[in-house]
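Student: Kindly return the folded structure for what I paste below:
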Amino acid sequence: MIWFFIAVIAALVAALPFVFEAHRRVVDAPMRDRAKGSFAQLSAGTTHFRWHGPEDGPVIVAVHGLTTPAIVWNGMIPFLTAQGYRVLSYDLYGRGFSDVPSGAQNIAFFTRQLGELLADQEITDAVTLMGYSMGGSIVAAFAAAYPDKVSRVFLVAPAGMQTRSTPFDHVCRVLPGIGDWMHASFAAGRVRRGAIASPKPADIAGMQAFQLARRGYLPAVLASQRGALSESQSQVHRTLGRLGITVVAVWGRLDKTIPLSAMGKLSEWNRDVRHDEVMDAGHALPYTHPAATVKALLDA
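Tutor: Coordinates of the predicted model:
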């Protein structure tokens with residue numbers, strides 16, 4: 001009999017985080033009515049986006065990273081629009097106010113979302129693509145696949161070369177089943193503790209809390225770690241070098257997520273990349289050092 005109770009308790013422990021996930025808030029129409037910006041109905045679901053700056057300015061399309069949606073660009077956008085740029089920012093699937101489609105979240109999944117959004121917004125001229133962290137992998141892959149649609153690529157602490165991951169993240173990524181349970185059980189708490197240790201601007205902190213309470217966000221993060229962030233960008237950047245597309249990469253000197261050694265790896269793949277560093281910045285440079293990051297991108 002005791003083994004029966006042990007089995008029941010074990011089953012409850014195993015199921016509990018997934019029950020909690022099923023009861024998180026769904027991003028619905030009333031919630032989206034309070035969001036700034038607009039929504040596009042793409043093939044895999046609804047995508048939230050915003051336009052910023054003068055309507056006749058050259059377009060920069062900004063693609064965020066793994067965990068923080070388009071709001072991560074809020075610090076940089078005023079500096080870009082002051083230079084006359086028109087910026088299109090949007091939430092990747094599973095983040096912010098965008099839908100959470102099921103299935104793998106690999107690079108192809110996200111480049112398809114980007115291409116469909118450009119088509120939805122009737123953008124036909126070549127644009128500047130700007131990607132942060134995982135977004136750097138997405139914009140580089142898109143540029144390599146569709147060079148006629150891209151004039152240049154801005155990379156901010158880009159993934160795809162070298163990434164430092166914790167033992168927790170590694171186990172979650174490589175072990176299906178137990179990794180899903182660990183991520184569902186402990187990832188939210190780890191994010192909250194990280195936020196306390198490294199305070200964020202109020203708008204980003206509020207969005208982070210909203211995301212942790214929404215259904216599908218944590219599974220989307222894990223799916224991207226197993227998909228997009230597990231793909232090497234070697235061939236992508238070698239292709240960009242052969243195509244002669246201008247690539248500018250800006251790095252945080254104190255970045256503990258994307259080590260500075262990634263700069264050397266990127267240069268090995270594409271010697272024409274223009275590099276710059278924000279000396280006292282970590283991985284969060286888009287919102288901790290927005291002015292310096294924009295200056296580095298535009299001056300490189």
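Student: tell me which residues in stretch 152-164 are buried?
Tutor: 152-161, 163 (16 or more other Cβ atoms under 10 Å). C-beta here means a position set from N, CA and C on the backbone, and glycine is covered the same way.
Student: Make CSV out of the residues you listed and add pLDDT, secondary structure and distance to L218.
Tutor: Output for those, formatted as CSV (pLDDT from 0 to 100; DSSP: H, G, I helix; E, B strand; the rest coil; distance: Cβ to Cβ, whole Å):
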residue, pLDDT, secondary structure, distance to L218
R152, 98, strand, 34
V153, 98, strand, 30
F154, 98, strand, 29
L155, 98, strand, 26
V156, 98, strand, 24
A157, 98, coil, 22
P158, 98, coil, 24
A159, 97, coil, 19
G160, 95, coil, 23
M161, 95, coil, 26
T163, 87, coil, 19
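Student: just these now: which is nearest Q83?
Tutor: Using Cβ to Cβ, F154 comes nearest to Q83 of these, at 12.8 Å.
Student: Local confidence estimate at the closest residue in space to that closest one that isn't next to it in sequence?
Tutor: Leaving aside its chain neighbours, F154 sits nearest to M130 (4.0 Å; criterion: Cβ to Cβ, 6 or more residues apart in numbering). Looking at M130, its pLDDT is 98.
Student: distance of M130 from D203?
Tutor: 19 Å (Cβ to Cβ, to the nearest Å).
Student: Comparing those two, which shows the higher neighbour count?
Tutor: For M130 versus D203, neighbours defined as other Cβ atoms under 10 Å are more numerous around M130 (29 against 13).
Student: Give me the packing partners of the strand or helix carrying that one, helices and strands only.
Tutor: Counting by DSSP states H and E, the element that carries M130 is strand 127-132. Packing partners of strand 127-132 (3 or more Cβ pairs under 8 Å, 6 or more residues apart in numbering; DSSP states H and E): strand 59-63, helix 134-145, strand 150-156.
Student: count of residues packed around S232?
Tutor: Count around S232 with other Cβ under 10 Å applied: 12.
Student: wait, what's in contact with it?
Tutor: By Cβ atoms under 8 Å, 6 or more residues apart in numbering, the residues touching S232 are G160.
Student: helix/strand/coil for it?
Tutor: The three-state label for S232, taken from DSSP: H, G, I helix; E, B strand; the rest coil, comes out as coil.
Student: Give me the contact list for the strand holding M130.
Tutor: So strand 127-132 is in contact with 58-65, 72-73, 85, 118, 137-140, 142-143, 149-158, 286, 297, going by Cβ under 8 Å, 6+ apart.
Student: now the residues you listed: which count as buried?
Tutor: 59-65, 72-73, 85, 118, 137-140, 142-143, 149-158, 286, 297.
Student: As a check, name the ranges of all helices in the stretch 101-250 of the chain.
Tutor: 107-120, 134-145, 167-174, 178-197, 202-212, 217-226, 234-243 (DSSP state H, counting those that start in this stretch).
Student: one step back: which of the buried residues of stretch 152-164 lies closest to R242?
Tutor: Closest to R242, out of all of the buried residues of stretch 152-164 and judged by Cβ to Cβ, is V153, at 14.0 Å.
Student: Could you find the closest non-adjacent residue to that closest one?
Tutor: According to Cβ to Cβ, 6+ apart, the nearest residue to V153 is V247 (4.7 Å).
Student: What is the least confident helix or strand in the chain?
Tutor: helix 2-22 (a mean of 64; mean pLDDT, DSSP states H and E).
Student: which parts of stretch 237-246 are buried?
Tutor: 237, 239-241, 245-246.
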